[in-house]
Each structure stands twice: as structure tokens, then as C-alpha cells.
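> how would this look folded up:
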Amino acid sequence: MSHNADKVLMGGTGSSVKEVTNFQTVSGTAIEAGLACILESTGKISLDTSEGALVGISLGKDLSDTGRTAVCRKGLKVPVKLKSGFNPTIGAAVAIEDDTGLARAYTGTGDRYVNAVYATGRLGGNAATGGIAEGATGDTGTVGVALIDMVGGL
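The predicted structure is shown next:
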């Protein structure tokens with residue numbers, strides 16, 4: 001079986017250059033891999049941007065199934081999920097949509113630029129019909145993903 005360049009293994013990075021920390025989540029349920037995480041004043045993480053600052057990109061559930069989430073705080077080739085219909089440009093600044101944690105085009109409202117750039121364009125999914133809708137999971141269909149470089153953290 002040959003390598004498929006349109007598929008990305010979520011939960012890891014494409015480079016050993018990374019800094020990963022695990023956090024307890026506000027809900028007690030792990031945050032799905034590929035979504036931006038907010039560190040709240042309680043020291044727990046969530047997707048809720050009303051409190052706290054972006055801390056990194058989720059690498060998913062802790063393998064011990066403890067309700068914790070591994071978060072990549074700095075790294076190269078970190079997979080991030082894309083909002084449906086968005087095709088990133090390599091080298092462009094990454095924008096994260098508030099309250100979903102999905103990467104998207106910067107519009108000035110409901111999102112924010114972060115200290116990262118796209119290392120790839122869209123991998124998987126179709127820009128017009130693929131991607132991931134808010135509230136959906138990777139199990140519900142094709143997920144549009146890009147790899148980002150965040151050398152100094154978000």
C-alpha cells in the first residue's frame with residue numbers, strides 16, 4: 001500500500017520539533033485533535049474563547065483515557081482542522097475561529113490571527129464540500145486539514 005499525501009494522521013505532528021503539554025478539560029471530555037485550545041483561569045482547557053488565551057492545538061485524547069488532552073504548544077507541521085470551504089495558502093498567517101477552534105480565513109470578526117503560518121495547503125476534503133462543520137467530528141466524514149508551523153507558540 002502506498003502513501004496517500006491527502007491523508008493526515010491526527011494526534012501527532014509531522015516533525016519531532018514540538019512542545020506538548022497535557023491539560024485537564026473543563027468538560028472532563030478530551031478535545032478532538034486538530035482544534036485550537038483555550039487555557040482558562042482555572043488551569044483547564046476548553047474551546048470557549050470568552051475566557052483565557054489560545055494555548056495550542058489539541059493532539060487529542062490522552063492515551064490513558066484520563067479525560068486529559070495533549071496540546072501542542074509549539075511545533076512544526078502540526079495538523080489543524082479547517083473550516084469548510086477554506087483553502088489556506090502556504091506561508092499565510094493562521095486565523096482561528098472563535099468558539100470552534102477551526103482554522104479559517106481571517107475576516108476581522110469572530111476570529112483571530114495567531115503566531116503561526118500554513119506549512120501546507122488543504123490536505124483531504126474538498127474546499128467546496130469537504131472540511132468539517134461546527135459540531136461535527138472526524139468520524140462523521142472527510143475532514144479538511146492543513147499543517148501549520150508555530151515555532152514560538154500561538
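> show me where the chain dips below the pLDDT cut-off.
1-9, 62-65, 110, 124-143 (pLDDT under 70).
> now with 90, please.
Counting by pLDDT under 90, the chain has low-confidence residues at 1-22, 24-33, 41-42, 46-54, 59-70, 81-87, 95-147, 151-154.
> show me where it has its strands.
Taking DSSP state E as the test, the strands found in the chain are 18-24, 36-39, 45-46, 53-61, 68-81, 93-97, 103-104, 111-118, 145-150.
> how about residues contacting the first one?
The reference is to strand 18-24. 37, 39, 43-45, 55-56, 59, 62, 67-76, 78, 153 (CB atoms under 8 Å, 6 or more residues apart in numbering). (C-beta placed from N, C-alpha, C; glycine too.)
> just the buried ones from those residues?
Buried subset of the contacts of strand 18-24 (neighbour count, 16 or more other CB atoms under 10 Å): 37, 39, 44-45, 55-56, 59, 68-76, 78.
> and stretch 59-71, end to end?
Stretch 59-71 has an end-to-end distance of 6 Å (CA to CA, to the nearest Å).
> neighbours of residue 21, how many?
15 (other CB atoms under 10 Å).
> partner residues bridging it?
In this entry, residue 21 is beta-bridged to residue 71, by DSSP bridges.
> hmm, back to that, nearest to residue 12, out of the strands of the chain?
Distance to residue 12, taken as CB to CB, is lowest for strand 53-61 among the strands of the chain, at 6.8 Å.
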